[in-house]
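Chemist: Here's my sequence, what's the structure:
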Amino acid sequence: MSVQTEKNLAYDLIINEINRLGLTSYIKEIDEQGFTVIPPEISCPDGLEKRILQSILDVSEKRSGIKSDIKDGSTHKNLIGKLNDDIEVDYGLSTESVDENIAATDSPIGDFLRALIFEGKAFEDALLNPVVLAMATYLLGYNCHLSAMNAFIKGPNRTNLDLHCDTLLPDPLPDHALVCNCTYALTDYNKENGSIAFVPGSHKFNRAPNKIEAVLSQNSDAIHIDAKAGSLIVFHGAVWHGAYNRVADGLRVTMPVLFARPFMKPEEYLKDNVSEDMIERINNPRFPILTQQADFYSCSDWKDQDARKLKMMEYMKIYNESLGGVIDTTDRVHDHYA
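Modeler: Got it, this is the predicted structure:
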């Protein structure tokens, strides 16, 4: 089978899945704008967002010892750094803050929870959500892997998150996506609540914003997003985005699920941390591919290369059979469609 034939078959397969799930209009939006908002009745029809939200709050309490106050947000107001880390990290805090001390301490994202895929069934279901996988596959192909699954819990704060893009490569960026972000909005989204902001069409600029363009409050092209809890916000990895500070009481809880093409270095290294027991329990042929088990490039020891390659090809063979044989199962590396 030729590479071109494989691309056509894979493309036809994902387009059929998009049509089946009623996602055609959202695909058009992401092509044109670089982002789209899928309402909860499509993205979370069985109340998945409620399970994810409660699981995130439970994980936050387990890791930090602090029970989140979701009504008034007092537990996360003007949060300094992170609740769950001994190291303070600079998240690209805005230079537009009214107070230099605030700019140095007030986090624009709030509490940052990493590696949630290991924290229970709600997160596994969030990853394997057919809507999420269809959108990620459309942008990245069937071989894409999970780069990160994390959550932000943001209370009232003073600092915007400046505009940036998630494709961390030198300019110029390619036309096709290398990264896809599928963010679960788990509380209602509007500007006062600290919603995400986008510059529509910026994924076609083929570059990241410069320092002036990145200041959210001064970029007249940036727009905020209104979305109900349970909505799925999907965007191209090169689109410019940031977030407004939250002025309302309560918490903004979001869970970005970040995907990347298999040659892109993931934010979270899963390959040696996902057990075979976990793979067998979940029993989904795509799960090993998503969790980097078919990524041959991350061998930790030259002695295990042959064994890893055989395991990689076994996972790929099973996955390919589940798709009707539309993708390559050799050790050849290519995109199945761009």
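
Chemist: which sections of the stretch 101-250 of the chain are below the confidence cut-off?
Modeler: The stretch 101-250 of the chain contains residues with pLDDT under 70 at 101-105.

Chemist: Please, where are all the helices along it?
Modeler: Here the stretch 101-250 of the chain has its helices, by DSSP state H, counting those that start in this stretch, at 121-127, 130-140.

Chemist: and these, which is most packed in?
Modeler: Taking mean count of other Cβ atoms under 10 Å as the contact definition, the stretch among those with the greatest mean neighbour count is helix 130-140, which reaches a mean of 22. Every residue, glycine included, has its C-beta placed from N, CA and C.

Chemist: now that helix, how far from the chain's geometric center?
Modeler: From the chain centre to the centre of helix 130-140 is a distance of 11 Å (Cα atoms, centre = their mean, to the nearest Å).

Chemist: Please name every helix or strand in contact with it.
Modeler: Of the remaining helices and strands, those touching helix 130-140 by 3 or more Cβ pairs under 8 Å, 6 or more residues apart in numbering; DSSP states H and E are helix 3-21, helix 24-33, helix 40-43, strand 179-185, strand 231-236, strand 252-260.

Chemist: residues making contact with the fourth one?
Modeler: Counting by Cβ atoms under 8 Å, 6 or more residues apart in numbering, the neighbours of strand 179-185 from elsewhere in the structure are 43-44, 49, 52, 126, 132, 135-136, 139-140, 144, 147, 166-167, 196, 227-238, 254-261, 264.

Chemist: Next, count neighbours for residue 120.
Modeler: Here the neighbour count serves as a burial measure; for residue 120 (other Cβ atoms under 10 Å) it reads 14.

Chemist: who's in contact with residue 254?
Modeler: The contact partners of residue 254, taken as Cβ under 8 Å, 6+ apart, are 151, 152, 154, 183, 184, 185, 186, 187, 196.

Chemist: Likewise for residue 271?
Modeler: Contact criterion Cβ under 8 Å, 6+ apart gives 291, 292, 293, 295, 298 as the residues in contact with residue 271.

Chemist: closest to residue 281 out of the helices and strands packed on helix 130-140?
Modeler: Of all the helices and strands packed on helix 130-140, it is strand 252-260 that lies closest to residue 281, at 20.0 Å by Cβ to Cβ.

Chemist: relative to strand 179-185, how tilted is that closest one?
Modeler: Angle, strand 252-260 to strand 179-185, by axes from the mean of the first three to the mean of the last three Cα atoms, to 10 degrees: 160 degrees.

Chemist: Sheet-wise, list the partners of strand 252-260 with their directions.
Modeler: Taking DSSP bridges as the criterion, strand 252-260 pairs within the sheet with strand 145-149 (antiparallel), strand 151-154 (antiparallel), strand 179-185 (antiparallel).

Chemist: export the shortest one as CSV, just CAs?
Modeler: Think strand 151-154. Extracted C-alpha coordinates of strand 151-154, given in CSV (Å, rounded to 0.1, in the frame of the first residue of the first chain):
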residue,chain,number,x,y,z
ALA,A,151,-5.7,20.9,35.3
PHE,A,152,-5.8,24.6,36.4
ILE,A,153,-7.8,25.7,39.4
LYS,A,154,-7.9,29.5,39.4
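
Chemist: which residues make contact with that strand from outside it?
Modeler: Strand 151-154 is contacted by residues 56-57, 59-60, 68, 76, 79, 107, 109-113, 116, 194, 243, 246, 251-256 when judged by Cβ under 8 Å, 6+ apart.
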